[in-house]
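Peer 1: My questions concern the predicted model and sequence given below.
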Amino acid sequence: MEKTTRDRILQTLMQTDWISGQELADQLNISRTAIWKQIVSLKEAGYQIESNKKTGYHLIDQGDRLTALAIEQHLQTKQLGQQIVHLEETETTQRIAHEQAQQEATEGTLIVCDFQTSGRGQLGRVWHETRGAGIAMSLILRPEAPLHQAGQLTLLAGIALSKVLRTLEVPVTIKWPNDLLIADRKVAGILTEMQTEADRINSVIIGIGINVRHENFPDALTNRATSLKLATGKSFSRAKIVALFLNEFEQMYQRWLVDGFASFVSEWETYADRLNELVTLRTRQMTVTGYLRGIQSDGTLQIETEEGIKTFHSAELIYW
Ligand code: BTN
């Protein structure tokens, strides 16, 4: 990925303790005035940089930022996240991702932002954001797969994210198909959208929102939403979570392209919320109550009712 001068300065500051303006200018082959201007702009953007006439510049704290540079520190992928578009603020990363996908963005391009003003959720709902506290990202994929399998990518992303969060000792579960919960409260959501051409997939946009550092939520959400911070008391690096997710998801995605979804069923079930419990489910046509028995090899949900096992492609489990 082509790096801006600002990114190159930042990268150098991350790799050194103190560095003089002259050394920076020599290394980057630009003037000392240009360096100084970029340092001012970095400080304005929230980076804590100490300046000293004798010793030069020193990066004290880069904060919990979601920049490409911060994500790349932990990234081990070949394709996913190799192109990162970082925005300080945008309406919704989904819209930017759709635009980029139409403009031939390569597979794996990630749109990520520090603050989303009109985040979109499932079923036309709003995805709530607090400035600098959450992760809002949209990943562009271009799978060679039949249209009807695209929904499986929601489940796959849910498994990958659960795996990563469990590695960080966060006890998440998955509420089929697209919610991650901690003790019955939602901590992350996934919105998968598609662009098609005739009967083939042009792109799949996987939008993921994760509540990381929120200390509170609006009244309407207080009983049903949580953040990693509220649930565990710990502060997590947003950039690290993004990178760990991409590392995990890339491997799973490659396996899915070759082998399909069947081999992920048992893994999904280890994370499933309310497995073998009595649940209520709503579809456009009806409301059903029965035991949640897991998912089929194509990702559809299985509910055991008095009339036997019923399967669902799209429905909403009613919790709250
Ligand atoms: C849901 O649980 O209803 C899905 C929420 C998805 C939110 C993410 S945040 C990044 C991406 N951009 C959006 O506008 N929505 C998704």
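Peer 2: That came through fine. Values in this document were obtained by computation on a predicted structure and should not be read as measured data.

Peer 1: contacts and neighbour counts: CA atoms only from here.
Peer 2: Fine.

Peer 1: ranges for the strands of the stretch 201-320 of the chain?
Peer 2: Using DSSP state E, counting those that start in this stretch, the strands of the stretch 201-320 of the chain run over residues 278-282, 287-295, 301-305, 308-312, 316-317.

Peer 1: which of the residues in the fourth one are buried?
Peer 2: Right, strand 308-312. residue 310 (16 or more other Cα atoms under 10 Å).

Peer 1: That strand pairs with which strands?
Peer 2: According to DSSP bridges, strand 308-312 forms sheet pairs with strand 301-305 (antiparallel).

Peer 1: Contact residues of the protein facing the ligand?
Peer 2: 92-94, 119-122, 127, 136-138, 179, 189-191, 207-209 (Cα under 6 Å from any ligand atom).

Peer 1: These in strands, which ones?
Peer 2: In this view, the residues of the chain next to the ligand that belong to strands under DSSP state E are 119-120, 127, 136-138, 179, 189-191, 207-209.

Peer 1: can you tell me which residues contact the residue positioned nearest the centre of the chain?
Peer 2: Closest to where the C-alpha atoms of the chain average out (Cα atoms, centre = their mean) is residue 208, at 4.1 Å. Counting by Cα atoms under 8 Å, 6 or more residues apart in numbering, residue 208 makes contact with 135, 136, 137, 138, 188, 189, 190, 191.

Peer 1: One more pass at 10 Å, please.
Peer 2: Taking Cα atoms under 10 Å, 6 or more residues apart in numbering, we find residue 208 in contact with 93-94, 112, 121, 135-139, 154, 157-158, 161, 178-179, 188-192, 242.

Peer 1: since we're on the residue nearest to residue 150 when sequence neighbours are not counted, how many residues are nearby?
Peer 2: Closest residue in space to residue 150, ignoring its immediate chain neighbours: residue 204 at 7.3 Å, by Cα to Cα, 6 or more residues apart in numbering. Look at residue 204: counted by other Cα atoms under 10 Å, it has 25 neighbours.

Peer 1: circling back to that earlier point, pipe the ones in strands among the residues of the chain next to the ligand into TSV and attach distance to residue 271 and pLDDT per row.
Peer 2: Shown next, in TSV, are these (distance: Cα to Cα, whole Å; pLDDT from 0 to 100):
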residue	distance to residue 271	pLDDT
119	26	96
120	25	97
127	23	96
136	22	98
137	22	98
138	23	98
179	11	97
189	15	98
190	15	98
191	19	97
207	20	98
208	18	98
209	18	98
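
Peer 1: what's the domain layout of the protein?
Peer 2: 5-61, 68-270, 274-317 (automatic domain parsing).

Peer 1: deepest of those, which one?
Peer 2: Neighbour counts (mean count of other Cα atoms under 10 Å) averaged over each of the domains of the chain peak at domain 68-270, with a mean of 19.

Peer 1: Quick one: the helices in the stretch 101-250 of the chain, in order.
Peer 2: 152-167, 228-232, 238-259 (DSSP state H, counting those that start in this stretch).

Peer 1: Same list (those helices) but as TSV, adding mean pLDDT.
Peer 2: Shown next, in TSV, are these (pLDDT from 0 to 100):
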stretch	mean pLDDT
helix 152-167	98
helix 228-232	97
helix 238-259	97
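
Peer 1: can you tell which of those is closest to residue 291?
Peer 2: Smallest distance to residue 291 across the helices of the stretch 101-250 of the chain (Cα to Cα): 19.7 Å, for helix 152-167.

Peer 1: Could you dump the strands of the stretch 201-320 of the chain into a markdown table and include mean pLDDT?
Peer 2: Below are the strands of the stretch 201-320 of the chain laid out as a markdown table (pLDDT from 0 to 100):
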| stretch | mean pLDDT |
| --- | --- |
| strand 278-282 | 97 |
| strand 287-295 | 97 |
| strand 301-305 | 97 |
| strand 308-312 | 96 |
| strand 316-317 | 95 |
